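> sequence-free structure coming up:
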Ligand SMILES: Nc1ncnc2c1ncn2[C@@H]1O[C@H](COP(=O)(O)OP(=O)(O)OP(=O)(O)O)[C@@H](O)[C@H]1O
Ligand SMILES: [Mg+2]
């Protein structure tokens, strides 16, 4: 449904020195620099697939999404979404896609949400009965029936986001781009939005591309992730592959029992060799070590001997740590 | 006429309701600006007539000039409709993406909004006219009739489309430059001065009048007002409206080109 080949985008930005003199100078002579926001992206997404686009701030996620939704033109490369070139913006294309920007309101700022939805119904020429039914179920699922008569600008951030999500899905798009759809939401709302997106996926089988800085979103919504680093794709595959390929360590956790008299300091004195283990957390209740995979057994036995251990467990390293390491590792 | 798409009706309806309900200033500014305008021109022309001791200036009696000075700003206001913030703000802050994303034509959407405003400001114009006619009476020799009002309003409607394209083009300069405020202020000045929004164009020097006939500006204010006052026959009206249509076509095509070029390098800053 989404096919992207060698897609690149660079922005020309001019550099302005700070201050008044800088402004004056830039009136006559501008220093332009080329900013490569996205470099040679190749990507294919099929129906029913949710791909998580992950990257540090400024990695090029929003830029990629904007091009695929047809808002901006690429510098080079091609994209085919539902058989169309996005930036030609054919109506047939625009009817089948949706873009949600967490950072930026799409809806009409001073209209009540209900009026916005009515307007969208007219814009997409949705049949009345179908519109009512979809709207009813969407508002009920996100629990915003009570706010339909409130102007968008008077809604809280979370309420507004829910309205934006409803607005994006009203016309039942086949391809959905979500740029940070859960930004600023409380935990309950985040969960509601995730559940909602999964239900939409189950019922409509759209292709979705989702960006988020919350690992929860990525872990629960996406089977596959694409990692961008400074505009370049550095990983594309199932989430589990990251663990398999990049997890060289495990976490060994010892929960400590009641310390016997005089042995309070046992956990403080305890050390594992820094060559293959590093302490993540050490308190009177719990000691946590990140350990090379090959040394897990040894670490466990040393911990059992060296401290009054009540309970011992061994866990995979947190996926978000792995991703973070991938995001920031400098290219060799 | 073919039926307008349903969204256009909805957009117009929402905008008119918004103007009626949220925007007190829309009405306050109408009453205040018209009142001030009337007072100012009254005393200005009074001074001119007393000082020169003449009965007419450029063929206009005192009353006719005061009347003109009140009606012309109302026509200017009406032809502008929704003038500022047509599209430049949205280009600047990225909300333009709405028109790139939703399957509606930006021009059509904005023209609908503009039309809703023109409808409202035309209503104000008629109110102002009625108030003046009922209290002060029309100047002697004026042949305003139901027919001439219809000609005037239809010419105004056509002129408002021309004005729409003019300001749309200037606002789209925001694709390339930040801060296009000065351009818009210039357009404001040019339309009201060269369009006859302050004094009748016949008071201008002969040569200037001839030169201006080749420009679109006299069609914006002066022409609809003259039609309204019954100074234009049906033939004059038809020629004028034809000229407006031609100018609108030219500026409409330019606007379309600017839009294509602009969206081509739009980067969605601020999103
Ligand atoms: N309209 C623009 N004009 C100039 N440069 C831009 C523009 N939009 C983005 N950039 C630059 O391109 C790079 C990528 O930006 P982009 O918004 O795609 O990042 P992102 O991955 O979405 O980051 P974030 O996680 O912060 O949202 C950034 O360095 C940014 O400064
Ligand atoms: Mg972003």
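Sure, I can see it. This one's a predicted model, so the numbers in the text were calculated from it and none came from an experiment. Ligands and ions are numbered 1, 2, ... in the order given.
> can you give me the helices for the chain?
This is for chain A. A:19-28, A:61-68, A:91-94, A:113-123, A:128-142, A:157-169, A:187-204, A:215-221, A:239-246, A:266-269, A:296-306, A:319-328 (DSSP state H).
> ah, I was thinking of chain B
Ranges of helices in chain B, per DSSP H, are B:6-21, B:24-52, B:62-80, B:88-93, B:97-101, B:106-135, B:146-172, B:181-194, B:206-212, B:222-228, B:234-264.
> how far does the shortest one sit from its chain's centre?
Put simply, helix B:97-101 sits 27 Å off its chain's centre (C-alpha atoms, centre = their mean, to the nearest Å).
> same check, this time on the second one
The gap between where helix B:24-52 is centred and where its chain is centred comes out at 19 Å by C-alpha atoms, centre = their mean.
> same deal with the third one?
Average the C-alpha atoms of helix B:62-80, do the same for its chain, and the two points are 12 Å apart (C-alpha atoms, centre = their mean).
> just want the angle from it to helix B:106-135.
Helix B:62-80 runs at 160 degrees relative to helix B:106-135, counting by axes from the mean of the first three to the mean of the last three C-alpha atoms, to 10 degrees.
> against which helices or strands is helix B:62-80 packed?
With contacts defined as 3 or more C-beta pairs under 8 Å, 6 or more residues apart in numbering or on different chains; DSSP states H and E, helix B:62-80 has these neighbours: helix B:24-52, helix B:106-135, helix B:146-172, helix B:181-194, helix B:222-228. For every residue, glycine as well, the C-beta is placed using N, CA and C.
> who's in contact with the closest residue to ligand 1 within chain B?
Residue of chain B nearest ligand 1, by C-beta to the nearest ligand atom: residue B:267 (3.4 Å). Going by C-beta atoms under 8 Å, 6 or more residues apart in numbering or on different chains, residue B:267 touches A:11, A:72.
> quick revisit: hey, which of the helices of chain B is tucked in deepest?
Comparing the helices of chain B by mean neighbour count (mean count of other C-beta atoms under 10 Å in any protein chain shown), helix B:222-228 comes out on top with a mean of 26.
> give the other helices and strands that it contacts.
Counting by 3+ C-beta pairs under 8 Å, 6+ apart, helix B:222-228 packs on helix B:62-80, helix B:146-172, helix B:234-264.
> export these to JSON lines and tack on mean pLDDT?
Conversion of the helices and strands packed on helix B:222-228 to JSON lines gives the following (pLDDT from 0 to 100):
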{"stretch": "helix B:62-80", "mean pLDDT": "90"}
{"stretch": "helix B:146-172", "mean pLDDT": "94"}
{"stretch": "helix B:234-264", "mean pLDDT": "95"}
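> let's have the ones you listed in JSON lines, adding distance to residue A:12.
What follows is these, written out as JSON lines (distance: least, C-beta to C-beta, whole Å):
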{"stretch": "helix B:62-80", "distance to residue A:12": "35"}
{"stretch": "helix B:146-172", "distance to residue A:12": "19"}
{"stretch": "helix B:234-264", "distance to residue A:12": "14"}
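> how about the ones you listed, which one is nearest residue A:233?
Closest to residue A:233 of the helices and strands packed on helix B:222-228, according to C-beta to C-beta: helix B:234-264, at 25.9 Å.
> any bit of the closest one sitting next to chain A?
Yes - counting by C-beta under 8 Å from any C-beta of the partner chain, chain A is contacted by helix B:234-264 at residue B:264.
> who's in contact with the spatially most central residue of chain A?
Centroid-nearest residue in chain A, with C-alpha atoms, centre = their mean: residue A:212, separated by 1.7 Å. Contact analysis of residue A:212 by C-beta under 8 Å, 6+ apart lists A:52, A:54, A:180, A:181, A:182, A:183, A:218.
> between those residues, which is closest to residue A:166?
For these, the nearest to residue A:166 is residue A:181 (11.8 Å; C-beta to C-beta).
> was I right to think the closest one contacts residue A:165?
Yes - the criterion here is C-beta atoms under 8 Å, and residue A:181 meets it with residue A:165 at 6.4 Å.
> how many residues are close by the closest residue to chain B within the stretch 201-332 of chain A?
In the stretch 201-332 of chain A, the residue that lies nearest chain B is residue A:211 (12.8 Å; C-beta to the nearest C-beta). Using other C-beta atoms under 10 Å in any protein chain shown, residue A:211 has 25 other residues around it.
> and it, what does it touch?
A:52, A:53, A:54, A:55, A:61, A:62, A:65, A:178, A:179, A:180.
> got the contact list for the second one?
Under the criterion of C-beta under 8 Å, 6+ apart, the contact list for residue A:53 reads A:61, A:64, A:65, A:209, A:210, A:211, A:225, A:226, A:228.
> what residues does chain A have near chain B?
A:11, A:62, A:66, A:69-73, A:89, A:91, A:94-95, A:97, A:99, A:101, A:103-106, A:110-111, A:115, A:118-120, A:122-125.
> and these, which are buried?
Among those, those buried by neighbour count (16 or more other C-beta atoms under 10 Å in any protein chain shown) are A:11, A:62, A:66, A:69-73, A:89, A:94-95, A:97, A:99, A:101, A:104-106, A:111, A:115, A:118-120, A:122-124.
> show me which of these neighbour ligand 1.
Among those, the residues lying close to ligand 1 (C-beta under 6 Å from any ligand atom) are A:11, A:62.
> sorry, back to before: need the residues touching each of residue A:181 and residue A:165.
A:100, A:193.
> picking that back up, and the helices and strands packed on helix B:62-80 as CSV, adding distance to residue A:31?
Shown next, in CSV, are the helices and strands packed on helix B:62-80 (distance: least, C-beta to C-beta, whole Å):
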stretch, distance to residue A:31
helix B:24-52, 43
helix B:106-135, 33
helix B:146-172, 26
helix B:181-194, 25
helix B:222-228, 48
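> quick one, which of those is nearest to residue A:172?
Of all these, helix B:106-135 sits nearest to residue A:172, with 22.6 Å by C-beta to C-beta.
> could you give the mean pLDDT of the closest one?
Confidence over helix B:106-135 (mean pLDDT, whole number) is 91.
> residues in contact with the most centrally placed residue in chain B?
The residue lying closest to the centre of chain B (C-alpha atoms, centre = their mean) is residue B:79, at 1.7 Å. The contact partners of residue B:79, by C-beta under 8 Å, 6+ apart, come to B:118, B:156, B:159, B:160, B:163, B:191, B:195, B:220, B:221, B:224.
> tell me the bridge partners for the residue of the stretch 201-332 of chain A closest to chain B.
residue A:53, residue A:179 (DSSP bridges).
> and the pLDDT for it?
Reported pLDDT for residue A:211: 94.
> right, I'll leave it there.
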